[in-house]
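Participant: need the 3D shape of this:
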Amino acid sequence: MSRLWSTTLQQLLLLLAISFIRASDKAAELGDRLTRAEARLNTDPCEQYTNISDPWRNRGFLSSTSQLQLKDDSNLPEGWYRFVGVGGDILDFDPFPNSSLKEERLGSCGHQSYSNLPDKIALCAPPDRKVGESVDVKICFKKFFVHKLKPTNSSQIYGTGHWRCTDSSCGEFAQCGELGACKCKPGYEMPKGLPTGDTYRCTASKTGWISANRTLLGGTPKVAFAAALGKAMAKSNDEKKIPFKNILTNVGGAYDNSTGVFTAPCDGVYYFSFSTFKAESPKTNACTSLFRNEERLLTACDHAVGGDTTDTAGNGAPLLLKKGDQVYITLHARSSVYDDDLNRSCFRGFLLFEM
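Facilitator: As a prediction, this is how the structure comes out:
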């Protein structure tokens, strides 16, 4: 009987050992598959790439009056990149020269370069000059392209354009131009100076913004702004205009943050309001007024009395303005107001309707 139990136990142990070995083999095989899959994922450029979203790379977003000096790509790390955003999703079809640029724009050597879904794109510089270099390119999931870029020579940048340009490709107040380029809509223009991030966009020109901002139905121009002071304004012996520097909204471009003055673009009824913050120190009044041209219309004042510490004073009203009328806020003599990155002191307004 003991021999029978001994034999049976040995058989069970053997079966367990075989099962364990088989399980170990399967685990190893699974681990092997996972490792190979992970390796493929890490080397697949469609899975491992870096986005480039600079609007200024698009030929049409370069203002001929800007005198721009863009950052070149001489320090760009070599690797796979995907162009995204309003600047475009491929290398520019034609790297046309731009007299306002010191940089040389690199792009594909013809607008048919991407038609046959190539694996390499020859690079050209203006005007139609091959630079003897090429860029590896791959289409991912039949939806987008990735490019293997490397650092350029000094003063060279990769130009971009749109492969399939649509109404929404170029962003707000812009539309598709020729060969994948973007351009501002009538009445808008590119700002002067070096573009940075989201601030680089078509803005209302001084001469054409009314026609560009009118809606299809009512024909009413779109006007709205809000700006914060941004920092404290100390007391003075004279009454002074308050330049609310930090623009929060400026649809239509009628507010000038360098002077703090809003200029009415058309006859109409506008609503304005303002609020100012008085800090605990110094112990001064915080008195401000709203002017229409040279006429004082509204005043808000917080007086420093007793144990009074911090307070906010404000006022507002709808105003009838003629085209060219100016509205602004002043700080009374021997008053001071406070502001910081919380935007405690603000000036705002918008058009209610035309007259």
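
Participant: okay, domains of the protein per the record?
Facilitator: Residue ranges for each domain of the chain read 50-203, 206-354, as given by automatic domain parsing.

Participant: by mean pLDDT, show me the worst of those domains.
Facilitator: Of all the domains of the chain, the minimum mean pLDDT falls on domain 50-203 (a mean of 75).

Participant: let's have the domains of the chain in JSON lines, adding distance to Thr43 and mean neighbour count.
Facilitator: For the C-beta atoms, the positions are set from N, CA and C on the backbone; glycine is no exception. Formatted as JSON lines, the domains of the chain follow (distance: least, CB to CB, whole Å; neighbours: other CB atoms under 10 Å):
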{"stretch": "domain 50-203", "distance to Thr43": "10", "mean neighbour count": "18"}
{"stretch": "domain 206-354", "distance to Thr43": "44", "mean neighbour count": "17"}
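
Participant: hmm, Ala174 is touching Lys183, no?
Facilitator: Yes: counting by CB atoms under 8 Å, Ala174 does reach Lys183; the two are 6.6 Å apart.

Participant: Val261 and Phe61, how far apart?
Facilitator: As judged by CB to CB, to the nearest Å, Val261 and Phe61 stand 29 Å apart.

Participant: same question for Met355.
Facilitator: Taken as CB to CB, the span from Met355 to Phe61 is 37 Å.

Participant: about what we covered before: columns distance to Asp44 on top of the domains of the chain, output as CSV?
Facilitator: Shown next, in CSV, are these (distance: least, CB to CB, whole Å):
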stretch, distance to Asp44
domain 50-203, 9
domain 206-354, 43
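
Participant: for the stretch 101-250 of the chain, just list every one of the helices.
Facilitator: 209-213 (DSSP state H, counting those that start in this stretch).

Participant: all strands for it, in order.
Facilitator: 104-108, 120-125, 129-140, 144-149, 156-158, 160-161, 174-176, 182-184, 188-189, 203-204, 224-228, 240-241, 246-251 (DSSP state E, counting those that start in this stretch).

Participant: strand partners (parallel or antiparallel) of the host helix or strand of Arg82?
Facilitator: Under DSSP states H and E, the secondary-structure element containing Arg82 is strand 79-83. When pairs are called by DSSP bridges, strand 79-83 turns out to pair with strand 50-52 (parallel), strand 144-149 (antiparallel).

Participant: still on that earlier bit, can the strands of the stretch 101-250 of the chain go into JSON lines with extra columns for distance to Trp80?
Facilitator: Shown next, in JSON lines, are the strands of the stretch 101-250 of the chain (distance: least, CB to CB, whole Å):
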{"stretch": "strand 104-108", "distance to Trp80": "17"}
{"stretch": "strand 120-125", "distance to Trp80": "14"}
{"stretch": "strand 129-140", "distance to Trp80": "8"}
{"stretch": "strand 144-149", "distance to Trp80": "5"}
{"stretch": "strand 156-158", "distance to Trp80": "13"}
{"stretch": "strand 160-161", "distance to Trp80": "15"}
{"stretch": "strand 174-176", "distance to Trp80": "27"}
{"stretch": "strand 182-184", "distance to Trp80": "25"}
{"stretch": "strand 188-189", "distance to Trp80": "35"}
{"stretch": "strand 203-204", "distance to Trp80": "34"}
{"stretch": "strand 224-228", "distance to Trp80": "41"}
{"stretch": "strand 240-241", "distance to Trp80": "52"}
{"stretch": "strand 246-251", "distance to Trp80": "37"}
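
Participant: of all these, which lies closest to Gly268?
Facilitator: Proximity to Gly268 (CB to CB) singles out strand 224-228 among the strands of the stretch 101-250 of the chain, at 12.6 Å.

Participant: residues contacting Phe291?
Facilitator: Leu297, Gln326, Val327, Tyr328, Ile329, Thr330 (CB atoms under 8 Å, 6 or more residues apart in numbering).

Participant: oh, I was asking about Val261
Facilitator: Contacts of Val261 (CB under 8 Å, 6+ apart): Lys241, Tyr255, Gln326, Val327, Tyr328.

Participant: hey, what's the fourth one bridged with?
Facilitator: In this case it means Val327. Counting by DSSP bridges, the residues bridging with Val327 are Phe262, Arg292.

Participant: ok, the second one next?
Facilitator: Partner residues in beta bridges with Tyr255, using DSSP bridges, are Phe262.

Participant: pretty sure it contacts Phe225?
Facilitator: Yes: judged on CB under 8 Å, Tyr255 makes contact with Phe225 at a distance of 4.0 Å.

Participant: shared neighbours of these two, anything?
Facilitator: Ile247, Phe262, Gly349.

Participant: how far away is the first one from Ala227?
Facilitator: Noted for Ile247: a distance of 5 Å to Ala227, by CB to CB.

Participant: go on, the second one?
Facilitator: Distance check for Phe262 against Ala227: by CB to CB, it reads 9 Å.

Participant: shared neighbours, those two?
Facilitator: Tyr255.

Participant: next, Gly60: phi, psi?
Facilitator: With angles defined as degrees, to the nearest 10, Gly60 sits at phi -70, psi -10.

Participant: tell me which residues touch the closest residue to it other than its chain neighbours, please.
Facilitator: Spatial nearest neighbour of Gly60, excluding adjacent residues (CB to CB, 6 or more residues apart in numbering): Ala181 at 3.4 Å. Ala181 makes contact with Asn58, Arg59, Gly60, Asp92, Gly161, His162, according to CB under 8 Å, 6+ apart.

Participant: 6 Å instead, please
Facilitator: Listed by CB atoms under 6 Å, 6 or more residues apart in numbering, the contact partners of Ala181 are Arg59, Gly60, Gly161.
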